[in-house]
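Asks: Compute the structure for the input listed below.
(chains A and B)
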Protein chains: 2
Amino acid sequence: TMVLCFPSSLTAPLKMFILVLGLLVGSLMPLGGAASSPDTGTGHGGSHGNKDPGYAKNGNGTTYSKKPFPVLSFDYEHVRLPFEISLWVLLASLMKLGFHLIPRVSSIVPESCLLIVVGLLVGGLIKLVGEDPPVLESKIFFFYLLPPIILDAGYFMPIRQFTENLGTILMFAVVGTLWNSFFVGGLLYGVCQLEGHKLAYVDLLSCLLFGSIISAVDPVAVLAVFEEIHINELLHILVFGESLLNDAVTVVLYHLFEEYSSVGLITVTDVFLGIVCFLVVSLGGIVVGAIYGILAAFTSRFTSHTRVIEPLFVFVYSYMAYLSAEVFHLSGIMALIACGAVMRPYVEANISHKSHTTIKYFLKMWSSVSDTLIFIFLGVSTVAGPHQWNWTFVVATLIFCLVARVLGVVGLTFVINKFRIVKLTSKDQFIIAYGGLRGAIAFSLVYLLNPEHFPMRNMFLTAIITVIFFTVFVQGMTIRPLVDLLAVKKKQETKRSINEEIHTQFLDHLLTGIEDICGHYGHHHWKDKLNRFNKKYVKKCLIAGERSKEPQLIAFYHKMEMKQAIELVESGGGSKLPSALPSTVSMQ
Amino acid sequence: TMVLCFPSSLTAPLKMFILVLGLLVGSLMPLGGAASSPDTGTGHGGSHGNKDPGYAKNGNGTTYSKKPFPVLSFDYEHVRLPFEISLWVLLASLMKLGFHLIPRVSSIVPESCLLIVVGLLVGGLIKLVGEDPPVLESKIFFFYLLPPIILDAGYFMPIRQFTENLGTILMFAVVGTLWNSFFVGGLLYGVCQLEGHKLAYVDLLSCLLFGSIISAVDPVAVLAVFEEIHINELLHILVFGESLLNDAVTVVLYHLFEEYSSVGLITVTDVFLGIVCFLVVSLGGIVVGAIYGILAAFTSRFTSHTRVIEPLFVFVYSYMAYLSAEVFHLSGIMALIACGAVMRPYVEANISHKSHTTIKYFLKMWSSVSDTLIFIFLGVSTVAGPHQWNWTFVVATLIFCLVARVLGVVGLTFVINKFRIVKLTSKDQFIIAYGGLRGAIAFSLVYLLNPEHFPMRNMFLTAIITVIFFTVFVQGMTIRPLVDLLAVKKKQETKRSINEEIHTQFLDHLLTGIEDICGHYGHHHWKDKLNRFNKKYVKKCLIAGERSKEPQLIAFYHKMEMKQAIELVESGGGSKLPSALPSTVSMQ
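Replies: Next up is the predicted model:
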């Protein structure tokens, strides 16, 4: 049950950092008095369970010498865990603060690169002092650092853009990741066999496992870089959406290859079960997330008397959605995204404006700190090792990764463009391929591998760190100049006007009407059905009192507009009125 | 290093609560599928360190039978800690929510009472199921539940009222607590000796230790009750201030009596060292808090480019102040209060409006949840025991506590009123005495005692729980009707107008001027000196850019007004101009 216990080597960075902090703020830390004060105190939080043995001896012993009452005592051990966590968080935040104070650096080098460099320096210093640098523990990463970032992304996800491009995103996330995994894994196996004696022990399934880990685009790395370059919404959602939705593929491939790597055999049944498992992991994750999302929305209906704890429900329900999905090895990331997306419209209608601000800014703060800690620890972990450098393997991995990504994006876009109305240009394809950054999730997954079953784990770790560093440093640093050079469309900072808003909605209704008239049940038809269902039943359950009816007035105007539009269509071209039409118009 | 590990008996309430939650939300919890899914999965966060032994056997063993790939696996253990913490927080919040939905209950019974009752019920249910209910661990209480409540109180402390009544507050907190401790402890020792065989083993120092623990008014309990009855600011700050500042006295008495209870002897040197220790603990706590407060203020000067992490610095610096004070057994509560009070004016001038809202509402949310958890766990812990009920001891404790409180308040007020301009009426005295609620700090301190050295610990625990329940239930529930009955002045909800604000400041300046003219260096003189120092030096260091000069304009108008006032005084009565005057007027 030693779950949240940091490795004991944390004391080393503590000492290190106290020195750094000392230089930073003038050594005002009260720990300076540590050496001069006697370490004799017990009590007020510390004496329970591990009673000072010297004290116990005094009680029973025969040779008793009375000590004077300790005016100032010192007991670091009993505050150690919270103190060191706070210290890491504080120092990481101070680093982040520092970068933005240096005039031009933050506009050229992405923050993630700077933080990794800081991590490398800190790790190096710790090693110089002679201690073992701490490693980014997979458990801490998956349970405490990743969820805030994903929740922040999921809660503020632009739903419309996401659903409109869902096909493209899924294509990249599922087919693309599969392609990458098997291409990289298969070719690496070939290289290992060709190389002979040194790498011959690397079997096919281990290679495929490695391929599946290294193929997944990382949401943390993508967010860190893409939020700084302000790319247009379409490209942002395509790359970021891919990085979120490939989680299910990665989880399934990881479990499949890890489970059978020692057996060395995968049957057709296993492949079939793997496909079933993919559906279970992804849809199960979404269902778990949606359930918690609905619970959260339902809870927020009743918070009008206890405004002060409103934000808590958003955080706790989301976190429990993530953990519940993890219990069943479902996709926690998809659960979080689903939970955030489902609860948001209802929660926002129910909670107070102040609570909304608190949720928004607290989530931003939290994800920002998590992000900072992840990149710093990535640097520190790199120094910590254990490494096994093999030129052939590392170079082959890097080249195959890049080639697979380019081929995958180009090939898939060729297929996707046949179905898209707004085609992806070659510039878009380049940015999608180039923006496929790898990050800490891949590192943590390799770190989780048991060295007993995977003797090549350390080599994998070295290779994956190389790929992460290449993508974050080389691609991350050059993507901004390239975006400028290629004149890729940037994000427009302006909010949509009421006029645009109304016309977008109007167009939606119009297209639904046209679909109905044609008798074609497409995208707009089902969206409209869902909206009606939402308005008629769900909102009444999940939104409190008057607010559940608020948008009806606007909806009424839309209906009026739509009626006129349909009349226009009718009088112009439509001679026969399909039977579906009346229900469309009158049911609202 | 098993620091944050919850007791293993937490599974029992988990099962319990899943039932409760099941009834509450329609048993949508995904744990329902636990029994039907095979427990075979490894990986994605779980397989590190404790590899599934069955799996390892497959790798080495000779009799291998291929398992199908697990489509849905279940592994609760690896998410257990965060999941159960989230669950407790969620259920506590839902309870809180529930109370406010029941129409009239929340206006009659204080929330703290309801929460304790819920805790008792939950504890009883757990015991019925046959498991041990969890106890409010002292470490979790002091490190994770108490700090948010104190920080919330400290950061939003009404400084002016606090400093204006500092003398009275200190009198109640220091002299009052000492009086209570020795009165209760001494009389209890007498009762124990009179009672004979059953209680004769209770020595004097243990009684005094018990007296010192039970005498301290509890800030959590006071806040919970006083925030609901909306008493006037003076009484609120007197009782609440006392509950905060008596922490140093309690810490010192606790350590002193605990340290020497096994020796059975306290020399004059120890008493002297105890007094020194009191000064060290209280002033040391304030210094540690002030240092972190200044650091936080200084840091917030540079956050204009990284607005998103501004609230973090407030939380982390404050928490580190608390922990740093605890390292040296200084008063963590006073450190937190000092830290919050010192940083607030500068931080508020530096940070953005959104960050301020986030800090305010997040602190309120956090302290509210901590508060809820404390009272629920207090109820659960009561059921958990271990109890040793002794009628004489419990009744004597309760009566002595009440008598000591009344005598202490009346006696001290008699002295205090000689120095106060606004005298404390007998109504005020009654509310101060009646509002002296005891709470979870006392419980945790007794819980910390080592049963080996204090064989009467369980009896102490029972007595302290009785006193807590009596004060929270009887006094907490009747104080509101009594306040109405006695027509005690309530809090005015209106914010002070600009006019009042300006005239208050003007009067301050005027009084300072008069003090200067008289050559009397009183309260106003030093306050003015401090303000000048703050304006001239501190603000320039701690507040960024233009904002450090903002209040100067207002200060200028005040100076003008003051000059006129002084001229008025001069022309009216003052014939001789003291030499101090020119510096007062021109130095601003």
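Asks: ok, now which ones touch A:L234?
Replies: By CB atoms under 8 Å, 6 or more residues apart in numbering or on different chains, the contact set of A:L234 is A:Q161, A:N165, A:V422, A:D428. Quick note: C-beta positions are derived from backbone N, CA and C, even for glycine.
Asks: Can I get stretch A:518-527 as PDB, trimmed to CA atoms?
Replies: Presented in PDB, the C-alpha positions along stretch A:518-527 are these (Å, rounded to 0.1, in the frame of the first residue of the first chain):
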ATOM      1  CA  CYS A 518     -34.900  14.700 -49.400                       C
ATOM      2  CA  GLY A 519     -35.700  11.800 -47.100                       C
ATOM      3  CA  HIS A 520     -32.000  11.500 -46.400                       C
ATOM      4  CA  TYR A 521     -31.100  10.700 -42.700                       C
ATOM      5  CA  GLY A 522     -27.600  12.200 -42.500                       C
ATOM      6  CA  HIS A 523     -25.400  13.900 -40.000                       C
ATOM      7  CA  HIS A 524     -27.700  16.900 -39.500                       C
ATOM      8  CA  HIS A 525     -30.800  14.800 -39.100                       C
ATOM      9  CA  TRP A 526     -29.400  12.900 -36.200                       C
ATOM     10  CA  LYS A 527     -27.900  15.900 -34.600                       C
END
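Asks: Distance from that stretch to the middle of the chain?
Replies: Relative to the chain's own centre, stretch A:518-527 is displaced by 33 Å; criterion: CA atoms, centre = their mean, to the nearest Å.
Asks: circling back: any idea which of the contacts of A:L234 is closest to chain B?
Replies: A:Q161 (23.1 Å; CB to the nearest CB).
Asks: State the distance from that closest one to A:V488.
Replies: Going from A:Q161 to A:V488 by CB to CB, to the nearest Å gives 17 Å.
Asks: and chain B, which of the contacts of A:L234 contact it?
Replies: Restricting those to those touching chain B (CB under 8 Å from any CB of the partner chain) yields no residues.
Asks: Now a ChimeraX select for only the buried ones of those residues.
Replies: Restricted to buried positions by 16 or more other CB atoms under 10 Å in any protein chain shown, the ChimeraX selection for the contacts of A:L234 reads:
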select /A:161,165,428
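Asks: can I get the contacts of A:L234 in JSON lines with pLDDT and secondary structure?
Replies: Shown next, in JSON lines, are the contacts of A:L234 (pLDDT from 0 to 100; DSSP: H, G, I helix; E, B strand; the rest coil):
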{"residue": "A:Q161", "pLDDT": "84", "secondary structure": "helix"}
{"residue": "A:N165", "pLDDT": "88", "secondary structure": "coil"}
{"residue": "A:V422", "pLDDT": "82", "secondary structure": "coil"}
{"residue": "A:D428", "pLDDT": "87", "secondary structure": "helix"}
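Asks: Hmm, A:E242 is touching A:V217, no?
Replies: Yes. In this structure, A:E242 is within contact of A:V217 by CB atoms under 8 Å, at 5.6 Å.
Asks: Common neighbours of the two, please.
Replies: With CB under 8 Å, 6+ apart, A:E242 and A:V217 have common neighbours A:G436.
Asks: So these two - more neighbours on which side?
Replies: A:V217 (30 against 26; other CB atoms under 10 Å in any protein chain shown).
Asks: Ramachandran angles for that one?
Replies: Main-chain dihedrals, A:V217, degrees, to the nearest 10: phi -70, psi 140.
Asks: secondary structure class for the residue nearest to it when sequence neighbours are not counted?
Replies: Leaving aside its sequence neighbours, A:V217 sits nearest to A:S243 (CB to CB, 6 or more residues apart in numbering or on different chains; 4.2 Å). Under DSSP: H, G, I helix; E, B strand; the rest coil, A:S243 falls in the helix class.
Asks: still on that earlier bit, could you dump the contacts of A:L234 to a markdown table with distance to A:Y434?
Replies: Listed next are these as a markdown table, based on distance: CB to CB, whole Å:
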| residue | distance to A:Y434 |
| --- | --- |
| A:Q161 | 20 |
| A:N165 | 19 |
| A:V422 | 20 |
| A:D428 | 11 |
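Asks: Tell me, what's the model's pLDDT at whatever residue of the stretch 101-250 of chain A ends up closest to chain B?
Replies: Proximity of the stretch 101-250 of chain A to chain B (CB to the nearest CB) peaks at A:F142, 4.5 Å away. Looking at A:F142, its pLDDT reads 89.
Asks: tell me, how many neighbours does it end up with?
Replies: A:F142, neighbours per other CB under 10 Å, totals 23.
Asks: hang on, it packs against A:S444?
Replies: Yes. Taking CB under 8 Å as the definition, A:F142 is a contact partner of A:S444 at 6.5 Å.
Asks: Having no further points to raise, I will conclude here.
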